[in-house]
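Asker: sharing a sequence plus its predicted fold:
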Amino acid sequence: MKSQLFIATASLLAAFTAAIPSPHPLIHGLIPDTNSAETVGKVNRINIPAAAANYNFTNEFDFPLGHLFAQIESIPDDVLEAGDEALHKWLVTNGLREPDAPLKRDETSATDSLLARAVLEARVSVWKIAKCLAAIVQLLATTAVPAAKLLRIKKYLEALGGAREAVELLLKATTQAEKLRLGGEVLVNLAAELLGISSVKNNCF
């Protein structure tokens, strides 16, 4: 019942916030290729502050994370490898993004965005959690995440055994030590990539 309430709240919030002008830069229509030089496949541990490394994905995150990871898994590798414009066209064609939707630009990498914040604000209210859940559910529809970043996330999901397994590991691991024990550096990097996406970072911390 509690999870259903959070999901319903997140859905309402997503609809509500969609009508509010975003304080972040917006882009419209086709998006330019970004981060094209980023490498994929390396599993080097990302140095992130303890507050982020120990971020606790509670049971309320089960549906939002599963929903997002399943969407990312469905995107063909060749689309992600082709870059951001190809990704945008694929998301529109497959009904995951409106053609002319104003998108918040994801301008920072997981490492940069998390290292830039030495102290992260705690999630202390239902409203804050609802905003975080909505940001995750609506991620591909509202944020121009670089194709290279999504390809890295997809590779991490594959290495962990798929979207469902990755969600279960994230829900079990409440600290960085637990993430390393349960899923190794792959799980730590997956969490860091997700928390480093601008719309998630801005709504979850």
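Answerer: Now that the structure is in, tell me what you want to look at. Numbers count the residues shown, from 1 in each chain.
Asker: check which residues of the helix or strand Ala192 falls within are buried.
Answerer: Under the criterion of DSSP states H and E, Ala192 resides in helix 176-196. Neighbour-count burial for helix 176-196, counted by 16 or more other CB atoms under 10 Å, picks out 176, 179-180, 183, 185-196. For every residue, glycine as well, the C-beta is placed using N, CA and C.
Asker: again, but for stretch 156-167
Answerer: Result for stretch 156-167 [16+ other CB under 10 Å]: buried residues Tyr156, Leu157, Ala159, Leu160, Ala163, Arg164, Ala166, Val167.
Asker: from the residues you listed, which land in strands?
Answerer: If you go by DSSP state E, these have nothing in strands.
Asker: out of these, which are inside helices?
Answerer: Taking DSSP state H, the ones among these that sit in helices are Tyr156, Leu157, Ala159, Ala163, Arg164, Ala166, Val167.
Asker: output the buried residues of stretch 156-167 as JSON lines; include the columns distance to Asn59.
Answerer: Converted to JSON lines, those look like this (distance: CB to CB, whole Å):
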{"residue": "Tyr156", "distance to Asn59": "22"}
{"residue": "Leu157", "distance to Asn59": "20"}
{"residue": "Ala159", "distance to Asn59": "24"}
{"residue": "Leu160", "distance to Asn59": "19"}
{"residue": "Ala163", "distance to Asn59": "17"}
{"residue": "Arg164", "distance to Asn59": "15"}
{"residue": "Ala166", "distance to Asn59": "15"}
{"residue": "Val167", "distance to Asn59": "11"}
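Asker: just the residues you listed now: which is nearest Ile75?
Answerer: Leu157 (11.1 Å; CB to CB).
Asker: isn't that closest one up against Ala163?
Answerer: Yes. Between Leu157 and Ala163 there is a contact at 5.6 Å, judged by CB atoms under 8 Å.
Asker: what touches both of those two?
Answerer: Phe69, Ile72, Glu73 (CB atoms under 8 Å, 6 or more residues apart in numbering).
Asker: how about Phe57: what's its closest non-neighbour residue?
Answerer: Leu170 (4.6 Å; CB to CB, 6 or more residues apart in numbering).
Asker: can you map out the helices along the protein?
Answerer: So, for the chain - with DSSP H - the helices run 2-18, 50-53, 62-74, 77-82, 84-93, 110-115, 126-137, 139-142, 147-159, 163-172, 176-196, 198-204.
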